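take this sequence and fold it.
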Amino acid sequence: MATARVLQHPAVPAAAHFGISGSHALLRNVALFGEAMDAAMHRHAHLPGLVVFYGPSGYGKTHAATFAANAHRAFYVEARSTWTKRALCLGILREIGVEPAQRVYEMVTQIADQLAILQRPLILDEADHILQAGAIEVVRDIHEASGAVVALIGEERLPAKLRQVERVHNRVVQWVGAVPADSQDAQLLARLYCPGITVAEDLMDQVVRASDGGARRICINLQDIAEEAKKRPAEILDSAWWGGRPLMTGRVEPRTTFLPGATPSSRKMGGR
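Predicted coordinates:
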């Protein structure tokens with residue numbers, strides 16, 4: 001029988017998945033997805049149990065999923081762009097810890113049986129790949145046969161894509177759109193990426209604006225601030241202290257200098 005294990009995304013400290021160390025505060029998207037999972041887990045027995053969590057890349061959806069997986073003892077699987085129906089089933093069975101059968105339909109039965117017996121939800125990240133592989137009906141089969149909560153996590157257009165598959169679309173009980181990070185999220189992340197450092201509100205607001213609400217870019221900018229603080233320690237790090245140094249925005253500016261032998265027609269994009 002499968003046993004619960006603690007998941008940690010390799011790019012982020014563990015505390016980010018459980019709120020913030022020493023605090024009950026949660027990042028907004030962690031709280032939103034957690035509430036949706038709670039609602040689906042406690043739904044009426046006759047209601048469907050699909051959850052869809054969608055939004056732009058970099059909004060912290062995977063980190064929210066990791067938190068929820070640990071909180072609800074869910075099985076977590078991140079789909080790949082090269083996966084087929086068979087590969088999806090193999091990935092889920094590997095996560096559950098069950099030796100896979102030979103045929104896809106047998107594997108679907110194995111997965112559904114285990115979810116029903118263990119009463120544990122399934123979280124499928126990068127669900128856009130599942131749709132692209134034509135494997136979304138496999139997910140519906142698993143959900144229907146097990147009655148388990150199955151969460152699909154994907155990009156902003158995931159709801160529109162699911163709309164084209166009505167038998168899946170009408171089984172969604174919770175639609176959750178990821179929201180951009182705000183200053184409160186940034187302050188919470190600063191406890192992880194700038195420990196022991198006071199980042200002033202004006203600099204934090206500057207980071208949030210430059211990052212366009214993307215949690216991933218906020219983390220990168222906070223790390224840059226922490227590194228700069230090692231070189232130029234100060235009691236409070238504010239916008240004046242930061243000066244005109246660049247922040248990660250995602251926008252790439254043309255280079256003004258070229259490598260030896262390069263010409264303007266062959267130049268590449270660089271910068272922050």
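
helices of the chain, start to end?
Remark: helices assigned in the chain by DSSP state H are 28-41, 61-72, 85-96, 104-118, 127-132, 136-146, 158-163, 166-169, 183-193, 201-211, 215-231, 239-242.

out of those, flag the one nearest residue 79.
Closest to residue 79 of those is helix 127-132 (Cβ to Cβ; 4.2 Å). In this view, the C-beta of every residue, glycine as well, is placed from N, C-alpha and C.

buried sites along the closest one?
Applying a neighbour-count criterion of 16 or more other Cβ atoms under 10 Å, one finds 127-131 buried in helix 127-132.

same question, stretch 34-46
Buried residues in stretch 34-46, counted by 16+ other Cβ under 10 Å: 34, 36-37, 40-41.

possible to save those residues as JSON lines with distance to residue 247?
Listed next are the buried residues of stretch 34-46 as JSON lines, based on distance: Cβ to Cβ, whole Å:
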{"residue": "34", "distance to residue 247": "30"}
{"residue": "36", "distance to residue 247": "32"}
{"residue": "37", "distance to residue 247": "33"}
{"residue": "40", "distance to residue 247": "38"}
{"residue": "41", "distance to residue 247": "39"}
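
per-residue pLDDT, the residue most central in space within the chain?
Nearest to the mean C-alpha position of the chain, by Cα atoms, centre = their mean, lies residue 62 at 1.7 Å. What the model reports as pLDDT for residue 62 is 92.

out of the helices of the chain, flag the one nearest residue 175.
Proximity to residue 175 (Cβ to Cβ) singles out helix 158-163 among the helices of the chain, at 6.4 Å.

counting contacts, what elements does that closest one pack onto?
strand 50-54, helix 127-132, strand 150-154, helix 166-169 (3 or more Cβ pairs under 8 Å, 6 or more residues apart in numbering; DSSP states H and E).

average pLDDT for it, rounded please.
Across helix 158-163, the average pLDDT comes to 97.

show me what it is in contact with.
With contacts defined as Cβ atoms under 8 Å, 6 or more residues apart in numbering, helix 158-163 is touched by 52, 54, 127-128, 131, 136, 152, 154, 168-169, 172, 175.

ditto for stretch 202-212
For stretch 202-212, contacts defined as Cβ under 8 Å, 6+ apart pick out 180-183, 186-187, 190, 199, 217-218, 221-222, 225, 237-239, 241-242, 247-250.

pull the distance from that stretch to the chain's centre.
21 Å (Cα atoms, centre = their mean, to the nearest Å).

rewinding a little: report the buried members of the contacts of stretch 202-212.
Here, 16+ other Cβ under 10 Å leaves 180-181, 186-187, 190, 199, 217-218, 221-222, 225, 237, 241-242, 247-249 buried among the contacts of stretch 202-212.

one step back: and which of the contacts of helix 158-163 is nearest residue 118?
residue 152 (19.8 Å).

of the buried residues of helix 127-132, closest to residue 145?
Nearest to residue 145 among the buried residues of helix 127-132, counting by Cβ to Cβ, is residue 130 at 17.0 Å.

circling back to that earlier point, comparing the helices and strands packed on helix 158-163, which comes out most buried?
Counting by mean count of other Cβ atoms under 10 Å, strand 150-154 has the highest mean neighbour count of these, with a mean of 26.
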